[in-house]
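Trainee: Return a 3D structure for these sequence lines:
(chains A and B)
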Amino acid sequence: MAVELDVFVGNTTIMDEEVYKLWLDGYTVNDAVKVRMEGGVMEECEASADVLLSDTMDQYRTFQMCERLLHSPAKLANQLLFQITPHRQAVLIERYYAFDDAFVREVLGKKLSKGTKKDLDDISAKTSVTLKSCRRQFDNFKRVFKVVEELKGPLVENIRQHFLLSDKLGRDYAAIVFFANNRFETGKRKLQYLTFQDFAFCAGQLINNWTVGAVDHMVEDMDVDLDKEFLQELKELKILITDKDLLDQHKSLVCTALRGKTKAFNEMEANFKNLSRGLVNIAAKLTNTKDVRDFFIDLVEKFIEPCRSDRWTAADMRLYLTHYTNSAHILDTFKHQVVWDRYMGVIKSCIFKMYHD
Amino acid sequence: MPGKLKAKIVAGRHLPVMDRASDLTDAFVEVKFGNTTFKTDVFPKSLNPQWNSEWFKFEVDDEDLQDEPLQVTVLDHDTYSANDAIGKVYIDIDPLLCTEAASVISGWFPIYDTIHGIRGEINVLVKVELFNDLNRFRQSSCGVKFFCTTSIPRCYRAAMVHGFVEELVVNEDPEYQWIDRIRTPRASNEARQRLISLMSGELQRKIGLKVLEMGGNAVVGYLQCFDLEGESGLVVRAIGTACTLDKLSSGSAPNTNTHTHPNTAPASNACNSPSKDGKEPVFGEDLLSSSGPPTPFRALPTSSSSPPPPFSPSKPCSRQSSSSDTDLSLTPKTEVSQSVRRRPGIFLCPSSPALSTCTLPLPGSGSVSCVKGSVLTATTPPPLSTIRSDSALLEKNLSFSEDLLLAAPGMGSGGSVGKEAGPLKTLLRQQTQTALEQRGASSSGLLINTGEFPFFTLTSFPPGFLVHVGGVVSARSVKLLDRIHNPDEPETRDAWWEEIRQEIKSHAKALGCHAVVGYSESTSICEEVCILSASGTASILNPRFMREGCLDIGIADHRFEEPSPPSCGFCHIPYDELNMPFPAQLTYCYHCRRQKVPDVLFTTIDLPSEASVTGKGCLIQARLCRLKKKAQGEVNATAISNMLPFMEYELHTQLMNKLKLRSMNALFGLHIQISVGENMLLGLASATGVYLTALPAPGGIQIAGKTPGDLSNDHISTIQKRINDTIAKNKELYQINPPELNEELVGSPIPEPRHRSRLFRSHSESSDEVSELDLSHGKKDAFVLEIDDTDAVEDIHSLLIDAPPPSGFYSCNTEVMPGINTWTSGVQMFTSVRVFRLSNANLTNQGLNKIFTDLCENLLKSFYFKLRSMIPCCLCHLNFTVAVPEDELIQVAVTAVAMTFDKDQTQEKPAEKPITKGSGDTEEQLQFSMELCADSSLANSQPPSKISGVPESSNISSRAASVDYGSFADRCSTWLELLRLKAHTIRRGSVKTISSLERSSPLPDGRSRSLRSTRSFGGTSVTVVKMTPLSFLPGTRIIKYLGIINMFFIRETTSLREEGGVSGFLHSFIAEVFAMVRAHVAALGGNAVVSYSMKECVFMENPNKNQAQCLINVSGDAVICVRESDPEATPSMTNSAQSCSSETDTAT
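Mentor: From the prediction side, this is the model:
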């Protein structure tokens, strides 16, 4: 004796947001029923476990049928199969494309390939995000990546266009795509303390300032690839550390400005040359793809860690970098002001963001 | 007469990938009508092809226009092998044939394949040019309007109700033809879909012809059903009520028919009923003389709607009786022979003497109702063995009146078999009927020319239409199917129904009634056995509506005395108290104190809007399972027909008990379904219980133990206590608390003001009443349940199982919940199907009952749970259908609508129409449309608009988009504008949509594309289409009926597991069916479907072969509705609709 077939179809598709969440999180029907029972929904409407099971199955089926449409969200708006209010459509899409920070942190900067997909079970075990959910998130990344890869125009805008995502989520995806494309290393132990949001912020800075799109708005891959010319020009900055006079001059200017304004002044003075070398070397090496990948690890190793070991506060950091950047303008023999600003603007904000515990 | 059908294929979208190599499709389209086929060019390598074809023109007979659907087939071109079909769209062009309905069909249709389901969409434009001289042709019936709605449609007024129309057509089922063995499942399914589409077109045309013959212009309450008889064929049959409808001028509110000028009727008739002109001169004079003292106005309307066509043989006769004003001259010619051409239509002589008697229902003892009478019949095919078992099956003390016994020879427990009973029976029946009819006529003082069947498929009526209600009449008959040899002469099937209808008619007579309302017919088929059922409510109708229609109510009211107070009149018994068909407890009406009322009233209709009700109503269901031995042929049929009366009896007892348990005294919308399977019979009776203020308060239920044995007194008293507790709880739950008040009122010497006038008039009688009432009061508690064995105990337990709906929920199976009238606009229609597999363990009847009951109860619980976000809400029109698809399977399918209401309603009288009140617009909806408007305008404010080059046109489409979504909300434009804009969108909008579509394709393109609107949900062209099984949508007003939707789909799969098992398969199929209905409605320009129903859902599976098949038939009325609070729509709608349609014509 068993219910062999059990369906419920509404003219307006009924979707329970709680069940949707459980489905997205990769719960099986039975697990979802358990969670719901614990959540106390039964008392709410004098329901029994059977009712809950039947409802959950129905919802899961509906979501599965919708999933195909969610893969190209624009279709959801003009498909005829499900009558879903626009508001609900937006919620469905937004939630479907939402991801776990823990998960995305693991795959950030990795190649979105089959190989990575195979490792998802490890990631699942590590992050305690269900494998099913990991797959969905990974596939989302990959799908978005594939679609925007070949499009012209601003990255964030393209993503929002094609996947009808909110501004915030669009930016996050832009970061993911950007990281995946440039294969930035984010997995090293030294980088573990950084959250996805730290990286997403940095990605935003890089996209807005260092890509081709920052200069020319009509180029393919404009927001995904760094501006090669700019990277080339960065080599010129080496003069700041190779020219001894310039280096000393720069140092004295910065020190004059900082004196008396911070407790860490002595450390700053002592470390100035090291730190400056670190930053300029990073800039000079960026023509190498390999070094681009190590951009973040270099930032941490060459700059953030030394500062941290000297116990700079965030304010110290801010002060130092501001003066470090501005003082370069006063150097008579330094001709690369534009490149310097373009470089230091991003570095400054990235380091501000990344300088925490 | 020829018409010109024009079709244009605009574009496709979301097509499936047909070429694996390129991941694209080379699509083209074949457009077929009748035997003519056109093709579009191949649009290579695209999933979103733009054919933009020329107009394909078909020159055809209007007969074909009515019968045939336009068939659009999308194919994938293949150079080397046969072209692959992607899918089809069948477009019923009937709505285009009626001037008042849609003028163009245009929109995106899902491309449907019976194996793969929906595969993309196609944009099609269809128009029809009809020649004007419609009435020269007899074979077609273009222009007759069809409505599924079982009441007078909201924006019409019934000028005249002609009566019952029926028709059936039969054919071989393609699935069972020899060719089916060699063709693919797809071909077979398509053949079936096409055939049924053809047959229902033909059926509709034939019914239309009958309506025209009768002088009507519309069919209301159109109910079409399929009988899949397997080997023996396919039957499509339909019944309905022929009417002459006038479109209400837009100023007057729907359903108020009082204040329209009489002269408007003939005027609109002239354009509505194309066939009338030939007859007018013939009858005008005649009717003038026959219709008593007619007002000058009246001659015209009657003549225009006078029924019989010149060639109808029965016409002179009928006309005569209708014009004769002697009250007893009723000639029941009907049952004498079927060779007499049918002339349905009820004619009530309006001559004044007769009328005055009728409307004053016999002070004292005139007409007395039989109340709870459901008169039931089971019949086997006469030639084999006739088992006639009429039993009243009410309470224990119930017995039949002589008349009925006469009519049912061989009645007895279960019915005895008598071969020779056939002719005798007919004879007897004829006699009784004559007698009954005379009596009925005399008692009601009405002169009825009954035509053949005075049946009405309507379930709710204009105020004053329904005079008295007798009770439920039903008839069932068990038949053995044999192959239909000649499809052109479906005589057997016709004769079967004929028989049943006669049965019903005679039952109605026995209840002293001249008409049957809320009439419906159904079948249940298992292998070669078929149960035919019909049921309705015997009643007496107001003759005014038959003859003149309601147009002269105002005038008439001066002449006629108000028959009885409107809020209780229908409860008054319609027939002779001294000559009741069975004993019933009568009391004086608790409302008017003048007429007798029964203690319980069962009906198949909706609660009349004027009825006064105490508290709320609730859904009451009786469920029953009976095992049956497997058998073949006659033996099987006999066994089934032997069981039927018992099942009916038990269902009835259950209903009665449950009614008492809820402390209610009347059932509305009663629907009893008996389904037959190989080894069991299922019975399900659903109704909405209410407490009618006019009827006496129901007594409690008393438990009496018979055997002293193990059932101790303790036990009995616990049960008694539980029952009493339940009753008390229910009273509270349903807010039933008036009886005390009523009792006092009876005793008090000073009547309440509103009763004063009436009581005053019949002052002399009132003193008698009081004593009478006291007497009856003493009797009414006597509802005793005896417990004499364990079965009875179980029965009582099962009574108590039914859980009341959780707080915040109500449920009913009528249109709206009695006692709730503050609907808000939240509406959620749903369909749910469950199939339950019984274990093969040897089940008892008791066990089965429990399973079945649990199945239904759990379904209800599921609904409550799923819809909990809508609280406070009411599930309305809960329509359960049960079936036994296989040996051990029970299938229950439910379609209903959940509607939100305002909790803080005042407990006032529900006299007002719910629709007029429920205008509180929900936030959600408002927001919704506003948002959309904003979005779409946003979407259009920036566009570089590369396709719709003309700036003006992009402007137009942006506004049209807001029509699509927020047609309720767009206040800035008048309807005229809106419709015109819509017409524009039809041409331009499609192009525009494509552009927005292409935007979504992940192909590289100019930057302009990505700069286009952000999150442009509103920019799409998907119209929101609401669906409801009710005849209205709360908070909205229907301004136009666009035509009937009647669709039949087959879906089959050979990869059941891959599609998510049976549930996944059916789930997507039902969703697809909804989608296709919505798409068709939207293409007609509508935004809602009312009176939606799923008439058939046949599901078959073979999990071992990984296969399943399902057939679904749905129907409803496509409408345009506007928010009630929308002031602008009111003034110019009729005009604008008219001018719009013409404008569209010229524009395109």
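
Trainee: Tell me the bridge partners for the residue in the stretch 501-650 of chain B that chain A sits nearest to.
Mentor: Here the stretch 501-650 of chain B gets closest to chain A at one residue, B:C625, 13.1 Å apart by CB to the nearest CB. Any C-beta I mention is one placed from the backbone N, CA and C, and that applies to glycine too. According to DSSP bridges, the partner residues bridging B:C625 are B:L682.

Trainee: wouldn't it be in contact with B:Q846 here?
Mentor: No - the criterion here is CB atoms under 8 Å, and B:C625 misses it with B:Q846 at 9.2 Å.

Trainee: ok and the residue in the stretch 1-150 of chain A nearest chain B?
Mentor: Closest residue of the stretch 1-150 of chain A to chain B, CB to the nearest CB: A:A74 (3.2 Å).

Trainee: What's the separation between that residue and A:Q161?
Mentor: Between A:A74 and A:Q161 the computed distance is 8 Å (CB to CB, to the nearest Å).

Trainee: These two - which one has more neighbours?
Mentor: When neighbours are counted by other CB atoms under 10 Å in any protein chain shown, A:Q161 comes out ahead of the other of A:A74 and A:Q161, with 26 against 23.

Trainee: and the host helix or strand of that one with chain B, contact?
Mentor: Using DSSP states H and E, the element containing A:Q161 is helix A:155-163. Yes - using CB under 8 Å from any CB of the partner chain, helix A:155-163 reaches chain B at A:E157, A:N158, A:R160, A:Q161, A:H162.

Trainee: so where's the stretch 751-900 of chain B uncertain?
Mentor: For the stretch 751-900 of chain B, the stretches with pLDDT under 70 are B:751-795, B:797-801, B:840-842.

Trainee: Point out the residues in it that sit beside chain A.
Mentor: B:803, B:806, B:828-839, B:851, B:858, B:861-868, B:889, B:891.

Trainee: Could you identify the buried members of the residues you listed?
Mentor: B:828-836, B:838, B:851, B:858, B:861-868, B:889, B:891 (16 or more other CB atoms under 10 Å in any protein chain shown).

Trainee: Tell me the pLDDT of the residue in the stretch 251-357 of chain A that chain B sits nearest to.
Mentor: Minimum separation of the stretch 251-357 of chain A from chain B (CB to the nearest CB) falls at A:R342, amounting to 23.3 Å. Looking at A:R342, its pLDDT is 88.

Trainee: Apart from its neighbours in sequence, what residue is nearest it?
Mentor: A:N209 (5.9 Å; CB to CB, 6 or more residues apart in numbering or on different chains).

Trainee: Contacts only, for the closest residue to A:I14 other than its chain neighbours.
Mentor: Excluding the flanking residues, the one nearest A:I14 by CB to CB, 6+ apart is B:K866, at 6.1 Å. Applying CB atoms under 8 Å, 6 or more residues apart in numbering or on different chains to B:K866 gives the contacts A:F8, A:I14, A:D55, A:D58, B:F830.

Trainee: Could I get these in TSV, plus columns for secondary structure and distance to B:L198?
Mentor: Conversion of the contacts of B:K866 to TSV gives the following (DSSP: H, G, I helix; E, B strand; the rest coil; distance: CB to CB, whole Å):
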residue	secondary structure	distance to B:L198
A:F8	strand	33
A:I14	coil	36
A:D55	helix	41
A:D58	helix	36
B:F830	strand	31
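
Trainee: Out of those, which comes closest to B:R154?
Mentor: For those, the minimum distance to B:R154 (CB to CB) is 23.2 Å, reached by B:F830.

Trainee: Relative to A:I84, how far out is that closest one?
Mentor: B:F830 is 15 Å from A:I84, where distance means CB to CB.

Trainee: Among the buried ones among the residues of the stretch 751-900 of chain B next to chain A, which are located in helices?
Mentor: When those are checked against helices (DSSP state H), the matches are B:I851, B:N858, B:K861, B:S862, B:F863, B:Y864, B:F865, B:K866.
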